[in-house]
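K.L.:
The following block contains a protein sequence and its predicted model.
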Amino acid sequence: MNEMNRSAATEPESPYADILDVPRHKSLRHAPMPLEERAAQFSPFAALSGHGRIIEDTRNEALEKVEHEIIRTWTEGDEPWHKYQEEE
C-alpha cells in the first residue's frame, strides 16, 4: 500500500477523511514558487535586530568598568575586598 493512499481500515476516522487523498492543486496560471523564496516565507522574524549588538556593547562597558576598578585598586593600594570579609 502506498503511504500517500490511506485506507479507512488502517486509520481511525478523521474529520478530514474526505480530503486526505485529494491530489494537490497545480496552478495553470502561476509557476511553482522557487524553494529559496518559499524558505524565506518561513524564516525567523527579525524583531530584535540589533539587540545582540546592544547586549555586547553593555557587556563590554561592564568589563571596562571592572578593569578600571581593578587597575585603580592596584595603583592606589586600596583593598576593597576587605569590606566583604566577615569580621571576627
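P.N.:
Thanks, I have it.

K.L.:
In which helix or strand does residue 26 reside?
P.N.:
Taking DSSP states H and E as the criterion, no element holds residue 26; it sits outside all helices and strands.

K.L.:
Next one: it from residue 40, what distance?
P.N.:
Using Cβ to Cβ, to the nearest Å, residue 26 is found at 22 Å from residue 40. All C-beta spots, glycine's among them, are computed from the backbone N, C-alpha and C.

K.L.:
before we move on, what about residue 59?
P.N.:
Between residue 59 and residue 40 the distance is 32 Å, computed by Cβ to Cβ.

K.L.:
any low-confidence regions in the chain?
P.N.:
1-12, 43-46, 78-88 (pLDDT under 70).

K.L.:
how about the helices in it?
P.N.:
Under the criterion DSSP state H, the chain carries helices at the ranges 35-41, 51-76.

K.L.:
Ok, which of these comes nearest residue 20?
P.N.:
With respect to residue 20, and counting by Cβ to Cβ, the nearest of the helices of the chain is helix 35-41 at 23.0 Å.
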